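Novice: Predicted model and sequence below, questions to follow.
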Amino acid sequence: MDDPRTVGRFDRLDPYVLGINISFAWQEWNQSYGVKLATHDTGFPTGKVNYGNLTRNITVQIDTSLHADLFIALDPTTHQSSMKVTPTDPAEGDQVTVSVNVTNKVGRLPASIIVANLSAISGGQTTLLSSSPQWFDKNGLPTSNHTIAPGDTVKLVFTVPLFGQGNKTLQVYVYDATEPYTWRTPENRASLPVNVRQPAWQPYAIYGSVIGVIVLFVFGMYARRKIKAGEWRPIRGRRREKGAEEEKRPRREVKEEKKRL
């Protein structure tokens, strides 16, 4: 910012006016800034300090050729967001495929530092699911070139499992690191609702567990009555009796051998 106005005055009778040029380069991008220049002198020779300040609103222009500008393209047939989710009602733990078409505007810098995030929003909480999509070129072929030239469109595909039953919102957020934050608008986002349902096997597992607990309880009560009535012997007692019989058998064989002698 260049300003020829007086920024310091040593004496009211001094006919000379001093000017200072200040240069500054903005490292951030915004539409406008409030800039304030303040200065003062030492008050020489009278000892009375003089103050001065100047405030201006400065508009910072963005050189569009130095930045990428991504947006999520529309489906040419439906004119809606190109984001698609398959299936839309997955069972908990199932894999879900999320695809979206991303375009870099004409006349912009090629996008090469791209951030692509897939998140799930539920109950006011956002959970990052993936930041590593598969890339496909405009012809639908897999590509390892993760760059979007001006005017080109690529397809990003996320494949993730979903956990936690209920309604969720899946959101894709795509932007380039060179893209000014004022350019990161709703056109960089796309979202669709999904309903994560209960797995088909889960009810059977719950019913089976309940029935198993009931059967074990009934059998335990029945066995307890049998043992108290003396009809059944405890497992520990049976083991001891078997061990005793095995010890007695060799002794009887020894006695029989002595009689023969």
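Specialist: Arrived safely. Numbers count the residues shown, from 1 in each chain.
Novice: alpha carbons only for contacts and neighbour counts from here, please
Specialist: Will do.
Novice: Just the element for Lys168, please.
Specialist: If you go by DSSP states H and E, Lys168 is part of strand 166-176.
Novice: other SSEs contacting that strand?
Specialist: Secondary-structure packing of strand 166-176 (3 or more Cα pairs under 8 Å, 6 or more residues apart in numbering; DSSP states H and E): strand 70-72, strand 114-122, strand 189-196.
Novice: Flag every buried residue along the helix or strand following the last one.
Specialist: In the C-terminal direction, the helix or strand that comes right after strand 189-196 (DSSP H and E) is helix 201-228. Using 16 or more other Cα atoms under 10 Å as the burial criterion, the residues of helix 201-228 that qualify are Ala223.
Novice: Could you list the paired strands of the strand holding Lys168 along with their orientation?
Specialist: If you go by DSSP bridges, strand 166-176 pairs up with strand 114-122 (antiparallel), strand 189-196 (antiparallel).
Novice: out of those strands, nearest to Tyr175?
Specialist: Checking these against Tyr175 by Cα to Cα gives strand 114-122 as the closest, at 5.5 Å.
Novice: Direction included, what does the helix or strand just after that closest one pair up with?
Specialist: Counting by DSSP H and E, the next helix or strand C-terminal to strand 114-122 is strand 125-130. Strand 125-130 sits in its sheet next to strand 114-122 (antiparallel), going by DSSP bridges.
Novice: And the partner strand, what's buried?
Specialist: Under 16+ other Cα under 10 Å, the buried positions of strand 114-122 are Ile114, Ala116, Asn117, Leu118, Ser119, Ala120, Ile121.
Novice: which one of these sits closest to Leu156?
Specialist: Nearest member of the buried residues of strand 114-122 to Leu156, counting by Cα to Cα, is Ala116, at 8.5 Å.
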